[in-house]
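Asks: Sequence first, then the predicted structure:
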Amino acid sequence: MASTLTPPTPTRTSQPSCSAEATNAGDRGKWNLLRFGPVKRLAQWRGLQFTLQLPNVLVYLLVILTGFYGTQQGGENFATVLTWIIWWSAIVFTFVFFGRLWCLMCPFSAVAEWLQRVSLWSVKAETFGLGLKWPHKLRNLYPATGLFLLLTWVDHQFGLVGSPLYTAYLVLVMLALATVVMLLFERRTFCRYICPIGGLIGIYSLFAGAELRVANRAVCKAHREKNCLVGNGTKGYGCPVREYPGNMDNNAFCTLCTECIKTCPKDNITFRFRPFARDLANLTEKRLGLDMSILAVVLLGLPTFQTMVMIEPWEGWMDWLRQITGLPQMAVFSSAFLVGTLLAPLGLFSAGTAATTALSRERDVTFRRVFINFAFAFVPIGLLMHLAHNVKHLFGESYVAVPVLSDPFGWGWNLFGTAGLELSSPFTTDLLTKAQYALILLGHGFAVYVSYRIGRRLFGEKADRFGFALAPMLVLTVAWSVFNLWVLNMPLMDRH
Amino acid sequence: MIKAAKYLGGSVLLAALMTTSLVPLRASAGPSGGHVTITLTTMPDRPVAAEDTRVTIVLKDERQQPLGNASVLVRADMIMSGMAGMQHGSAGPTATAKPSEKPGEYLATLRLTDPGDWRISVTTGHSSGEFKVTVLPPTLESSAATSPSTAPTSQRSGADEGRAATADGTRVIKGHDDGHGAAKEAAGPNYYFVGSILGVVVITIGMVPILRRRGSRAERAEAA
């Protein structure tokens, strides 16, 4: 069961046909980290990814052990505290600054990739596994979107985040799924098309303040070997997610694995800081798909819904719905989940799209184009609401990890002398609430900016009705931001 | 318009697919061992720290009939912080509730030592429920009783409004009035909230003309 590395099949975002100018527009003034020798040598070192993956693999092995054998009190078990209070709250912040940095060190794909490559870090010519191509019809974000929604629903229905046992099962399922997929299919098919959080990370990474890009696209165009895609001897593998850096204009799929930095013989890869939301404002329309747009809209509704289930009136609403419908709790909640995460955001956005399409009165501004483009204007609102939601978890609750580190199983250990500590958050609830409001305002500002840029791109100079056409989208951004503020202003119950 | 309908239809289809995918899970995830409704009321309605709090629990079966001869364990934990029943709370008193004269009603007395949020867990057989209670310090209790601004909340949370909760696992399923409302009313309007809403409107109205001016300048410069 062995397969060799083969040249890639072009996909929507990895067409090895450069049409770019000699020097990339708008690249001047950006700070390329790879200009610094030590950073560059570190990125080119084959052991880098393994060094980052190994600690995470060990930590998640401990999560599995503590989940199965430790106390089932969620707040006193390492599995739940680390996974849901520390990890899940913190990684969202990494998306904002560095894009898919987590994917570089993700333990779920690490184990599968080590098996697939039959190597921890060195480059082998042959890989283990069937090396099948992922079906064309599934080369989109629908599987990842569906799995992410399913995961969220399971959390609400079965109390995933409060249960060490279920958390351990989740980690095992993720590991098993990644391993099976990567042994059946080539490269990191799992990360690109299936990972339940991969789609979310990709969409959020469009906002990131950093990017991996080529320095000069003309160099890529002239370079026939395309080592970044097919690999370069013992220096590195071809891109695991089949992204062609020479054409890459957004962060959605790049996992920052640094393989292209290792394989590029032209030294043409850069890692640069940039203004936030740059991808969102400058997305190339032909690279966008309905799958990405739908996920962007789902990610607008999901953080709002996740916060709504925590507010005090929520249980009253559920009780009322149960009474008037006579349905069991699970059916009522599942319906609310479906409406809150899918139907309401998609329905409202579709209405806004229809209004914008009608008001633009441009023949080439179709409903499809408006839907696909403007969906990304709402990413900052969803992302910053997600951050606002996690601000209280990360800064208001992460101190509970201190005693748990000394007693990860809840067996009465005191490894570091911190088990008995009674701590409280250094941040007051009032301060964190103000931070939440500030984040919502920031997200709204970015949403207005991105809406404007998308409007200019879609309607162009000929749009004398530019303001009218943009108005429905702006009204929707205002409505969603105000609703988010209202949700955050409500008193919270103690549930996730 | 046809295209609009097509995309809206696509969205609905996706939602329908999601629903379909949930059906098998729904069927296999029903509560085991019957459906018990647990109602909890406290006396006083707002417990006071270091004083006895009388807890009344009413159990009803699936047909809403009183559930007698049950073994009912009551446990209180102080909540340090909240996340889906994951709070690192300090363990508090436990008690076995004894049946009262009324069918399906059980009584226990707890002494909640410190002011703050407490979680009262009620376990009977395979069912359990959790209730959040805010314990007031003695000084707050007296001021709350005399403050006119909190009067509506106090009346609303009277003992006759004990809230029914369906036991469905470990998450907090229903709470007593925890004083949030009173605290908000006493503090007056939330200026940060109101200010943020105004901020959203101002950002929207203010940014677009600025962006248009900047855009026009950039376009002119580019053309030149």
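Replies: Good, I have the coordinates. Numbers count the residues shown, from 1 in each chain, chains lettered A, B, ... in the order given.
Asks: residues in contact with the host helix or strand of A:Arg272?
Replies: Using DSSP states H and E, A:Arg272 sits in strand A:269-273. Strand A:269-273 is contacted from outside by A:27, A:30-34, A:43, A:209-215, A:228, A:245, A:256, A:260-261, using C-beta atoms under 8 Å, 6 or more residues apart in numbering or on different chains. Heads up, the C-betas are built off the backbone N, CA and C, glycines and all.
Asks: ditto for stretch A:423-441
Replies: Residues contacting stretch A:423-441 (C-beta under 8 Å, 6+ apart): A:381, A:384-385, A:387-388, A:391-392, A:395-397, A:399-400, A:402-403, A:481, A:484-485, A:488-489, B:80-81, B:192-193, B:195-196, B:199-200, B:203.
Asks: Could you check which residue of the stretch 101-250 of chain A lies nearest chain B?
Replies: Across the stretch 101-250 of chain A, no residue is closer to chain B than A:Gly162, which sits at 4.0 Å (C-beta to the nearest C-beta).
Asks: Tell me the helices and strands packed up against the helix or strand that contains A:Thr353.
Replies: Applying DSSP H and E as the criterion places A:Thr353 in helix A:344-360. Counting contacts by 3 or more C-beta pairs under 8 Å, 6 or more residues apart in numbering or on different chains; DSSP states H and E, helix A:344-360 is packed against helix A:290-308, helix A:367-374, helix A:466-489, helix B:2-28.
Asks: any residue of the second one up close to chain B?
Replies: If I follow you right, that is helix A:367-374. Yes: counting by C-beta under 8 Å from any C-beta of the partner chain, chain B has neighbours in helix A:367-374: A:367-368, A:371.
Asks: Packing partners of that helix?
Replies: By 3+ C-beta pairs under 8 Å, 6+ apart, helix A:367-374 packs against helix A:290-308, helix A:344-360, helix A:429-459, helix B:2-28.
Asks: ok now stretch A:293-311, how far from the chain's centre?
Replies: Taking C-alpha atoms, centre = their mean, to the nearest Å, one finds stretch A:293-311 lying 14 Å from the centre of the chain it belongs to.
Asks: ok, so what distance separates the closest residue to B:Glu51 other than its chain neighbours from chain A?
Replies: Leaving aside its sequence neighbours, B:Glu51 sits nearest to B:Arg111 (C-beta to C-beta, 6 or more residues apart in numbering or on different chains; 7.0 Å). Noted for B:Arg111: a distance of 20 Å to chain A, by C-beta to the nearest C-beta, to the nearest Å.
Asks: related to what we said a few turns ago, surely the residue of the stretch 101-250 of chain A closest to chain B meets A:Thr80?
Replies: Yes: A:Gly162 is in contact with A:Thr80 according to C-beta atoms under 8 Å; the separation is 6.6 Å.
Asks: More neighbours: these two, which one.
Replies: More crowded of A:Gly162 and A:Thr80, by other C-beta atoms under 10 Å in any protein chain shown: A:Thr80, with 32 against 28.
Asks: and the more buried one, what helix or strand is that in?
Replies: Secondary structure (DSSP H and E) places A:Thr80 in helix A:78-80.
Asks: Which residue, neighbours along the chain excluded, lies closest to A:Phe416?
Replies: Here the residue nearest A:Phe416, using C-beta to C-beta, 6+ apart, is A:Ser406, at 4.6 Å.
Asks: any idea how far A:Pro240 is from the nearest residue to A:Glu312 once chain neighbours are set aside?
Replies: Distances taken as C-beta to C-beta, 6+ apart place A:Pro491 nearest to A:Glu312, at 4.8 Å, with adjacent residues excluded. From A:Pro491 across to A:Pro240, the span is 46 Å (C-beta to C-beta, to the nearest Å).
Asks: Of those two, which one has the most company?
Replies: A:Pro240 (22 against 15).
Asks: where does the more buried one sit relative to B:Gly104, distance-wise?
Replies: Distance from A:Pro240 to B:Gly104, by C-beta to C-beta: 61 Å.
Asks: quick one: contacts for the residue positioned nearest the centre of chain A?
Replies: The residue lying closest to the centre of chain A (C-alpha atoms, centre = their mean) is A:Ile201, at 0.9 Å. A:Ile201 is in contact with A:91, A:95, A:100, A:102-103, counting by C-beta under 8 Å, 6+ apart.
Asks: out of the residues you listed, which are inside helices?
Replies: A:91, A:95, A:102-103 (DSSP state H).
Asks: Need these in a markdown table (columns: neighbour count and pLDDT).
Replies: Converted to a markdown table, those look like this (neighbours: other C-beta atoms under 10 Å in any protein chain shown; pLDDT from 0 to 100):
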| residue | neighbour count | pLDDT |
| --- | --- | --- |
| A:Ile91 | 16 | 94 |
| A:Phe95 | 24 | 95 |
| A:Trp102 | 21 | 97 |
| A:Cys103 | 24 | 97 |
